[in-house]
Structure formats: C-alpha cells, structure tokens
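J.: How does the following fold in three dimensions:
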Amino acid sequence: MFRQYEQPICFYLARLTGDLSCTQEVSQETFLRAYRALLRRERWDNPRPWLYRVASRLATDDYRRRMLRWLPLRDGQADAGLGIGSIVAEKLDVQTALVALPPEYRVPLVLHVHQAWPVAEIAKILRLTISAVKMRLSRGREMFRRAYQQPMTEDE
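T.: Have a look, this model is predicted:
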C-alpha cells in the first residue's frame, strides 16, 4: 500500500500544505495510521479514499496549529532579487494562493483540479454531499482567483 500510494499522497500534501517538512510529517503520520489500522485488522475495499481522508484531516490539523505563525512563500519581490524565471514565479504564485485558502476550500480544489478526482469521489472522501463539494469548489475557485491576483496588484 505504501509503495502504491506514497507518491500520490505526497504530491497531494505538497499542493495542500506548500511546505516540504509539513508534507513529509503528514505523509509519514498518514501511513503510520494506516499501518496501525491494519494491525487492528481493519480492511478497505479501496484504501485510497481512506488515505486521502486521513491525510486531509492531518494537514488541516497541522494548518490550525501553525496558523498563527504562517507566512506566505514569497513576499512579491523574490523574482527580481533571485532572477527566478517566469514559470517558477508563476508556480510560486499558484502555491502561495493555494496555501492562503482555508483547508475546507483548498482540499476539494486540489483534489478536483490537480488530482482530477470526480466530485462524487471527493464527496465520499470528505463525507460531504455532492452539492456541498460543488459549493466549496465554486467558493474555493473564487478565493483562489482573488489570492492569485493579490501579488500582481501589490507589485504594481
């Protein structure tokens, strides 16, 4: 199970958290919980939704713990000072905008847009109704648009 899901979970968490050390910690804790569940003889027809649900909850908990000391990935001046190319700068802007979203909007957005999961499966993982997921996706997209455009308006 670890070999099959470790890389997708890490990619998901990296998008979700925007922090490599947090990604590693949450990923490790996710698989540790899966191991403990297997020791308790829990079995799943499809472990993927369970793993993503656990990873999402752990990332959300970590976000709440770190919320008071959170800083954006960049301050808007990093491109000029470091000479980073426009592609890398855009990726940083996207990551910064994602990290700025509250977890309840970031999680479904990353699962749907980046992981290409259907709304019904996201609803199942997050234990929400399909309409609730659609609403969170709609609001999350709007929040992302505003957060993504924020660095551009500050630099002008």
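
J.: I'd guessed Val99 sits against Thr17; true?
T.: Yes. When contacts are counted by CB atoms under 8 Å, Val99 is listed as touching Thr17 (7.2 Å). Heads up, the C-betas are built off the backbone N, CA and C, glycines and all.

J.: so what's in contact with the two at the same time?
T.: Counting by CB atoms under 8 Å, 6 or more residues apart in numbering, Val99 and Thr17 have no contacts in common.

J.: So those two - more neighbours on which side?
T.: Thr17 (28 against 19; other CB atoms under 10 Å).

J.: remind me which residues of this structure are low pLDDT?
T.: In the prediction, the chain carries residues with pLDDT under 70 at positions 64-89, 151-156.

J.: Grab the longest helix from it for me.
T.: The single longest helix within the chain, with elements called by DSSP state H, is helix 130-155.

J.: ok, now which ones touch Glu104?
T.: Residues in contact with Glu104, defined by CB under 8 Å, 6+ apart, are 60, 136.

J.: Could you shift the numbering so residue one becomes 261, and keep it that way?
T.: Okay, residue one is now 261; in that scheme the one you just asked about reads as Glu364.

J.: buried ones in the helix or strand containing it?
T.: In this assignment (DSSP states H and E), Glu364 forms part of helix 363-369. Along helix 363-369, these residues count as buried under the neighbour rule (16 or more other CB atoms under 10 Å): 363, 365-369.

J.: could I get it in CSV with only the CA atoms?
T.: Extracted as CSV, the C-alpha positions of helix 363-369 are listed here (Å, rounded to 0.1, in the frame of the first residue of the first chain):
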residue,chain,number,x,y,z
PRO,A,363,-8.4,24.0,4.3
GLU,A,364,-12.1,23.3,3.8
TYR,A,365,-11.8,25.0,0.3
ARG,A,366,-8.3,24.1,-0.5
VAL,A,367,-8.8,20.3,-0.1
PRO,A,368,-11.6,19.8,-2.6
LEU,A,369,-10.0,22.3,-5.0
